[in-house]
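A.B. asks: pasting the structure only:
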Ligand SMILES: [Mg+2]
């Protein structure tokens with residue numbers, strides 16, 4: 001299985017290629033790969049882009065409130081609020097709205113696909129891996145996006161919201177997939193620890209630690225870079 005070079009650095013590309021070769025032999029069970037979504041699979045943050053859209057349409061002031069919550073409490077409070085902002089929309093309306101935001105953001109260049117990631121996912125699937133996406137954005141948002149990478153929506157684990165009679169409720173229906181919550185969700189939903197994890201932020205810290213092979217998109221966070229050095233994670237400058 002040959003992985004396209006794309007914009008990977010030589011050492012990251014070689015490392016990923018070696019990993020694919022190593023795990024392409026017959027194994028007792030399929031290796032699991034987990035990818036954070038925002039700023040890992042794509043350039044940009046679709047969860048925040050949807051929130052900005054909701055600020056102009058359904059919930060004026062929600063962006064300021066989100067930023068205030070992140071600042072005053074903890075990002076987990078902000079992320080919960082961000083996901084719950086979809087509450088009140090039907091599942092169908094939410095999907096339409098999310099796809100409109102994705103299209104608009106891509107057209108404006110504020111969100112960009114990363115074909116290298118899509119190619120890596122396909123190379124993994126073709127080599128017998130199970131590929132999952134684990135995001136701290138609302139699950140319906142990334143479930144709408146994943147098929148554009150030809151990934152099944154049900155392989156996305158995100159912040160799950162309760163649904164009543166087809167209407168999304170402003171209430172979480174599962175663990176907050178943030179930091180250790182990502183690992184807890186992997187344990188609950190996949191039931192196997194990942195062989196490979198990719199991420200870009202402290203949100204992904206525990207998930208990256210849970211895998212023997214990890215890839216960090218480096219945004220200059222000292223804690224993550226220290227961990228990357230001591231654990232031998234591949235470090236990729238953002239595309
Ligand atoms: Mg991210």
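C.D. replies: Cool, got the structure. None of the values given here were measured: they were computed from a predicted structure.

A.B. asks: centroid-nearest residue for the protein?
C.D. replies: Centroid check for the chain by Cα atoms, centre = their mean gives residue 37 as the closest residue, at 2.1 Å.

A.B. asks: for burial, what's the neighbour tally of residue 212?
C.D. replies: Close neighbours of residue 212, defined as other Cβ atoms under 10 Å, add up to 13. Backbone N, C-alpha and C define where each C-beta goes, glycine included.

A.B. asks: quick check: nearest residue in space to it, chain neighbours excluded?
C.D. replies: What sits nearest to residue 212 in space, not counting adjacent residues and going by Cβ to Cβ, 6 or more residues apart in numbering, is residue 195, at 6.2 Å.

A.B. asks: cool, and residue 147?
C.D. replies: That would be residue 153: by Cβ to Cβ, 6+ apart, it lies 6.2 Å from residue 147.

A.B. asks: over to residue 239?
C.D. replies: That would be residue 7: by Cβ to Cβ, 6+ apart, it lies 4.7 Å from residue 239.

A.B. asks: quick one: pLDDT of that neighbour?
C.D. replies: pLDDT, residue 7: 97.

A.B. asks: what packs against the strand with the most length in the chain?
C.D. replies: As assigned by DSSP state E, the longest strand anywhere in the chain is strand 130-138. Judged by 3 or more Cβ pairs under 8 Å, 6 or more residues apart in numbering; DSSP states H and E, the packing partners of strand 130-138 are strand 32-35, helix 46-57, helix 75-84, helix 115-126, helix 139-145, strand 156-159, helix 180-189.

A.B. asks: give me the angle between it and helix 46-57.
C.D. replies: Counting by axes from the mean of the first three to the mean of the last three Cα atoms, to 10 degrees, strand 130-138 lies at 30 degrees to helix 46-57.
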